[in-house]
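> Give me a model of this one.
(one chain, ligands or ions: 1)
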Amino acid sequence: MNLDAMWMPFSANESFKANPRIITAAQGMYFTDNTGRQILDASAGLWCVNAGHGNERIINAVTEQAKKLDYAPFFNMSHDIGFKAAERLVEMAPKGFDKVFFTNSGSESADTSLKIALAYHAARGETGRIKFIGREKGYHGVNFGGTSVGGIGFNRKAFNHLLPFVDHLRHTLDIERNGFTKGLPAYGAEWADELENRIFTLHDPKTIAAVIIEPMAGSAGVILPPQGYLQRIRDICTKHGILLIFDEVITGFGRTGGDWATNTMGVTPDILNCAKGITNGVVPMGAVLVGNGIYNTVVDAASEKTIEFAHGYTYSAHPLACAAMIATLDVYRDEGLFERAAQLSPVFEQAAHSLQGTPFVKDIRNIGLVAGVELETSSAGLGKRAGLVQQKCWEAGVLMRLTGETLAFSPPLIVNEAEIERIFSTLGQAITEVA
Ligand code: PLP
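Reported below is the predicted structural model:
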């Protein structure tokens, strides 16, 4: 196979091509690689295949839709399945979210949400609200807005000119006080107060359009909000007329042991971004959800018969994505997958935390069906030890995400107890071998 023509995304191209991992098929919990090996998918692909691979209902829905209507524009035109998809998503969205703006990815959801925030404030005459606040270690995709509000230094530093008028709060990882916590950590709610301090000392509250936060930071290594932290952020935003955006691209669709982190963590944002599990990864799609208040403000401010929000993608509400989304939501509901995730959470938690005490295990963090196992960094450099462990697990037939020194686990919600046991015993074995 000639690998030369491909510039791989988010990959070390040259070293990968020297030792490639090539997937040729997938079914249920397993990938098949080009040598015919079965690999247990402990990360749901890239946190997206929540209903497992090769689900027939989803595939059939997409196939049938392709035969019926492959594509039609959605700019001042429409198709039935687009409206149906919006209705279905609103039905299962947290209370208070009435309108859906479709995108094609989590990155597009991030940038769309920032633009909605600006348009909303402008519509109310608050045109001075132009700043955004993100967080260190936050990940909101790779477009300009998302990269700018994102807080993973490595993702930012090659691009010298990101959006101006962006500030970042500190992250909430505090292994010293919260190490090996199960669920939401006890300490650190006070870090939310940094938001209020900062907007008074460095900004003026009336210049801030929105704060964007992942309820659980996934890509930086499963970092959970301390108990009470999100509520304090919510209260500060409300007090100062700042919109709160939750990026639920990973946490949506059952990952945290309930439908949305908004519900499992009990704090409601003004704007909710999602993607990934929305179509089970079968067709790219993302969405931004808002309440009627935001929608009406933007729409009512425009003069009649003009485009109220000059934004949208050629593939917004793509018919195949809509078909995949409706079928995926049917599968989640009919197979009770969010309930299953909640039921399996204690088993998953226990299996992950059984590795406490294994050499070089620095921290274990978890909620629902997601866990991060952070290792001590070796003298070889950041990520080297975890990289070796990940490679050993791959050789043993288990795939998980690697981010810095953290191995992240987010299996499809169809995972069973034996597979959970295998995932963490393979990890324990690999760590011991690398040590
Ligand atoms: N936001 C969050 C929280 C994510 O985890 C991701 C992807 O991992 C994104 C946004 C970007 O999504 P995409 O890769 O679909 O653009």
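> What residues does the closest residue to Gln38 other than its chain neighbours make contact with?
Using Cβ to Cβ, 6 or more residues apart in numbering and skipping residues adjacent in sequence, the residue nearest Gln38 is Tyr30, 4.8 Å away. Placement of C-beta: from N, CA and C, glycine included. Listed by Cβ atoms under 8 Å, 6 or more residues apart in numbering, the contact set of Tyr30 reads 38-41, 53.
> Okay, and which of these map to strands?
Using DSSP state E to define strands, the subset of the contacts of Tyr30 located there is 38-41.
> returning to what we had before: closest one of the contacts of Tyr30 to Ala352?
Distance to Ala352 across these (Cβ to Cβ) is lowest for Leu40, with 15.3 Å.
> what sits against the closest residue to the ligand within the stretch 1-150 of the chain?
Residue nearest to the ligand within the stretch 1-150 of the chain: Gly106 (2.3 Å; Cβ to the nearest ligand atom). With contacts taken as Cβ under 8 Å, 6+ apart, Gly106 has the following neighbours: 140-141, 146, 247, 249, 273-276, 286.
> could you dump those residues to CSV with pLDDT?
Supplementary listing: those in CSV, determined by pLDDT from 0 to 100:
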residue, pLDDT
His140, 98
Gly141, 98
Gly146, 98
Asp247, 99
Val249, 98
Asn273, 99
Cys274, 99
Ala275, 98
Lys276, 98
Gly286, 98
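> Mind giving me the packing neighbours of the helix or strand encompassing Thr238?
When secondary structure is defined by DSSP states H and E, Thr238 falls within helix 229-239. For helix 229-239, the elements it packs on are helix 193-201, strand 208-213, strand 243-247, judged by 3 or more Cβ pairs under 8 Å, 6 or more residues apart in numbering; DSSP states H and E.
> Find the closest residue to the ligand in the stretch 201-350 of the chain.
Taking Cβ to the nearest ligand atom as the measure, the point where the stretch 201-350 of the chain comes nearest the ligand is Val249, at 3.5 Å.
> in the helix-or-strand element of the chain with minimal mean pLDDT, what counts as buried?
Every helix and strand in the chain was compared by mean pLDDT, DSSP states H and E; the lowest is helix 153-156, with a mean of 93. Neighbour-count burial for helix 153-156, with 16 or more other Cβ atoms under 10 Å as criterion, is recorded at Asn155.
> close enough to count as contact, Ile223 and Arg170?
No: in terms of Cβ atoms under 8 Å, Ile223 does not count as a neighbour of Arg170; the distance is 11.2 Å.
> and those two? which has more neighbours close in?
Between Ile223 and Arg170, counting by other Cβ atoms under 10 Å, Ile223 is the more crowded of the two (23 against 14).
> Let me see the contact set for the more buried one.
Ile223 sits next to 137, 171-173, 216-217, 365, 372 when contact means Cβ under 8 Å, 6+ apart.
> packing partners for the host helix or strand of Ile81?
Applying DSSP H and E as the criterion places Ile81 in helix 80-92. Packed against helix 80-92 by the contact rule (3+ Cβ pairs under 8 Å, 6+ apart) you find strand 99-103, strand 286-290, helix 319-334.
> May I see those organised as CSV, with mean neighbour count and distance to the ligand added?
Listed next are the helices and strands packed on helix 80-92 as CSV, based on neighbours: other Cβ atoms under 10 Å; distance: least, Cβ to the nearest ligand atom, whole Å:
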stretch, mean neighbour count, distance to the ligand
strand 99-103, 24, 9
strand 286-290, 27, 6
helix 319-334, 22, 12
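> which stretch among the ones you listed comes nearest Leu195?
Evaluated with Cβ to Cβ, these place strand 286-290 nearest to Leu195, the distance being 21.4 Å.
> Against which helices or strands is the helix or strand following that closest one packed?
For strand 286-290, the succeeding helix or strand toward the C-terminus, using DSSP H and E, is helix 292-301. Packed against helix 292-301, as judged by 3+ Cβ pairs under 8 Å, 6+ apart, are the following elements: strand 99-103, helix 106-123.
> Redo those as TSV? Include mean pLDDT.
Listed next are the helices and strands packed on helix 292-301 as TSV, based on pLDDT from 0 to 100:
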stretch	mean pLDDT
strand 99-103	98
helix 106-123	98
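> re the thing from before, pick the one among the contacts of Ile223 closest to Ala342.
Scanning these for proximity to Ala342, where the rule is Cβ to Cβ, the winner is Met216, at 15.5 Å.
> Please name the residues that touch that closest one.
Counting by Cβ under 8 Å, 6+ apart, Met216 makes contact with 222-225, 250-251, 256, 261, 367, 370.
> near the ligand, which residues of the stretch 201-350 of the chain?
Neighbours of the ligand within the stretch 201-350 of the chain, by Cβ under 6 Å from any ligand atom: 214, 218-219, 247, 249-250, 275.
> Which one of those sits in the busiest neighbourhood?
Comparing these on neighbour count, Asp247 comes out first with 33 neighbours (neighbours: other Cβ under 10 Å).
> that older thread, could you pull up phi and psi at the residue nearest to Gln38?
The phi/psi pair for Tyr30 (degrees, to the nearest 10) reads phi -120, psi 140.
> For it, name its beta-bridge partners.
Gln27, Leu40 (DSSP bridges).
> what about whichever residue of the stretch 301-435 of the chain sits closest to the ligand, how many residues close to it?
Nearest to the ligand, among the residues of the stretch 301-435 of the chain, is Arg401, at 9.5 Å (Cβ to the nearest ligand atom). Other residues lying near Arg401 total 21 when counted by other Cβ under 10 Å.
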